[in-house]
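Participant: Return atomic coordinates for the entry below.
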Amino acid sequence: MSQEVKYIDLGDLVLWSENPRDPINPKATDQDVIDHALLDKNSKWTLSKLAKDMGDYYDLSELPTVVYHENKPIVYDGNRRIILGKIKYGYAKVEDEGLVIPEFPNKLPCNVCSEDIALLNVLRKHGDSGSWSPLDRDIFLHKFLKRDKSLFLKLEENTGLISNNPHLNQGFVKKEIFNAERLNELGFGFEEDTLTSKHDSEQSKSILIDISLQIARKNITTRRNRGNVVAVLEKSNRDLIEANKGKSLTPLTVRFKEKSETEKPPKQTRRTKKKQADLFGGKLYLKPGDVSNLYRDITDLYKFYASNKNELSQSFPSLIRMSLRLLCECASKDVKKTLENYLKSNFKGAKKDLETDDKTTLSNQNVTEGNILQLLHTGAHNYQTANNMEQTMAMSIIIGRILNLSHGKEI
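Facilitator: As a prediction, this is how the structure comes out:
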C-alpha cells in the first residue's frame, strides 16, 4: 500500500461511476456521471450548495483521492469537486445550470494511492458522516471491502423494499426493525442470502407494506413503538402473523417496484439556456472621447475572454477587473473629480435605474456605495480577488449606469 501527492490535469481525471453516493453503470462516461449528478434525482449531489460552500476559490488542502487503473486516474473521493471543475473548464457539455463555480486550478494536487488505501479513506470520511445512507454503507462494505452482507442489504436485494421506500433507509430501521430478532417475530428469516417467510407472497407483501406505512406515518420512530412493531400493525396483519406462527420458513419471492408511469409526477420543462451575461449590463451609448473608446476596448476584451476562457489562464479575469478601474479613473478625470468623489456622487442615482434582478446581483456580490472604491483598488493589487468574475460582472453593472449619468449620449 502506498500514497503520494501528484498534480493531475482536470481533463485527465476520470469520475468514479461506482461512487457509493449514487452509483450508476460501471461503464458510464464522465459525461454520463455529470448528467446524472446534475439531474440529482435523489438529492445526493447538491452541486449548487457545494459550489456556494466552497467560497471564492478551490481549497488545495482538500486533496481528491485517486487510484490509477490501466493508466487512468480514477477519482475515488472528491468527485463532486472534480465535476464542478470539469464544468468550469468545459470538459463536459452541459446546459447552463446557474452554477456559480469558484476559481479553480486546471491542475490539481491529488492523493494518488493504492485501491486498498483509497477504499479505507473513503469509508473513514463518509461511512459515518451522514453523507451515506445505511444502505449505501452496507453496499460499499460488501462490494468493495468484501464484508458479509447485512440483513438490511439482503432484504433490499430480495425485495427492493428499501430503495422504493426511502424513508426506510434509516439507521434505527436497519438496527431495530429489520434485525434478525424482529424479522423472526414478523415471520421472516434468511437462508444464506435468500429471504424466507412463514407467509405466502401476498401475505408477506401486506406485512412489509404495513411496516413501511407505520414508519412513514411516524407510528414507529426512535421514540415510539421501536421495540413493539407487531402491535402497531393493522389487525389483519397481526392475525396473519399469529396464524402462521407454526409454519416453516420457505424461500420467498416478492418484489416492490417503482410507481407506475401514471403515478409519477410529470417531467419538468427543460431548462432554457441562458445567454452570456453582458458586461456593464448591456450596451452603453457614450459621448465620443477617451471614455467611450476605452469602454469599447474593454467590451472587446470581455468578448475575447467569453469566447476563449477555457484556453486562457485563470488569472485572465483580473485584466478585466483592472480595466474597470482604469475606465473609472479616465471618467473621473474627464469630469474633474477624484475617483472616490466620482463614484460616490453618482452611485445612488445610478442604482435607482437598475432593475430588481441587477440590484439583487449587486447585493449577492456585496457591491455597495461604501466598498466599490476599495473593490477597484484591491482588484488592481490582489490577483486572487480580481479573479472573481462574478463580482467583476456585478461591479460593471453599476459602473455602466454611472457612466450613463456622467458620459451618456442623448439618443
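
Participant: drop to CA atoms for contacts and neighbour counts, all remaining ones
Facilitator: Fine.

Participant: Domain map for the chain?
Facilitator: 3-132, 145-259, 279-407 (automatic domain parsing).

Participant: gap between the two ends of the longest one?
Facilitator: It stands for domain 3-132. Domain 3-132 has an end-to-end distance of 25 Å (criterion: CA to CA, to the nearest Å).

Participant: next one: the last one
Facilitator: Criterion CA to CA; first-to-last residue distance in domain 279-407 is 17 Å.

Participant: rewinding a little: rebuild the domains of the chain as TSV, extending it with distance to residue 139.
Facilitator: What follows is these, written out as TSV (distance: least, CA to CA, whole Å):
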stretch	distance to residue 139
domain 3-132	8
domain 145-259	7
domain 279-407	38
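
Participant: Now render the ones you listed as a markdown table, adding mean pLDDT and mean neighbour count.
Facilitator: Formatted as a markdown table, those follow (pLDDT from 0 to 100; neighbours: other CA atoms under 10 Å):
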| stretch | mean pLDDT | mean neighbour count |
| --- | --- | --- |
| domain 3-132 | 88 | 17 |
| domain 145-259 | 91 | 16 |
| domain 279-407 | 88 | 17 |
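
Participant: For residue 138, find the nearest of those domains.
Facilitator: domain 145-259 (6.4 Å; CA to CA).

Participant: Let me know the secondary structure of the spatially most distant residue from the centre of the chain.
Facilitator: The outermost residue of the chain, judged against the average C-alpha position, is residue 246 (51.5 Å), by CA atoms, centre = their mean. Put simply, residue 246 is coil when judged by DSSP: H, G, I helix; E, B strand; the rest coil.

Participant: Next: residue 76.
Facilitator: Three-state assignment for residue 76 (three-state DSSP): strand.

Participant: Isn't it up against residue 69?
Facilitator: No. Contact criterion CA atoms under 8 Å: residue 76 and residue 69 do not qualify, at 11.4 Å.

Participant: Quick one: residues contacting residue 51.
Facilitator: 84, 99, 100, 101, 102 (CA atoms under 8 Å, 6 or more residues apart in numbering).

Participant: Tell me which entries of those lie within strands.
Facilitator: Per DSSP state E, strands hold no members of these.

Participant: Show me which of the residues you listed is closest to residue 401.
Facilitator: residue 100 (24.1 Å).

Participant: Now the closest one: closest residue in space that isn't a chain neighbour?
Facilitator: Leaving out its chain neighbours, the residue that sits closest to residue 100 by CA to CA, 6 or more residues apart in numbering is residue 51, at 6.5 Å.

Participant: Quickly find the element holding the one you found.
Facilitator: helix 47-54 (DSSP states H and E).

Participant: Which parts of this structure are strands?
Facilitator: 3-9, 14-15, 65-69, 72-77, 107-113, 188-191, 194-197, 250-251.

Participant: Same list (the ones you listed) but as CSV, adding distance to residue 25.
Facilitator: Formatted as CSV, the strands of the chain follow (distance: least, CA to CA, whole Å):
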stretch, distance to residue 25
strand 3-9, 25
strand 14-15, 12
strand 65-69, 17
strand 72-77, 15
strand 107-113, 24
strand 188-191, 29
strand 194-197, 25
strand 250-251, 30
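
Participant: quick one: which of those strands is nearest residue 374?
Facilitator: Per CA to CA, nearest to residue 374 of the strands of the chain: strand 107-113, 31.2 Å.

Participant: can you give me the helices in the stretch 51-200 of the chain?
Facilitator: For the stretch 51-200 of the chain, the helices defined by DSSP state H, counting those that start in this stretch occupy 79-88, 115-126, 134-145, 151-159, 171-172, 180-186.

Participant: Pipe those into a markdown table and attach distance to residue 333 per row.
Facilitator: Putting the helices of the stretch 51-200 of the chain into a markdown table (distance: least, CA to CA, whole Å) gives the following:
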| stretch | distance to residue 333 |
| --- | --- |
| helix 79-88 | 38 |
| helix 115-126 | 57 |
| helix 134-145 | 64 |
| helix 151-159 | 73 |
| helix 171-172 | 67 |
| helix 180-186 | 82 |
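
Participant: Which of those helices sits closest to residue 18?
Facilitator: Of all the helices of the stretch 51-200 of the chain, the one in closest proximity to residue 18, counting by CA to CA, is helix 134-145 (9.6 Å).
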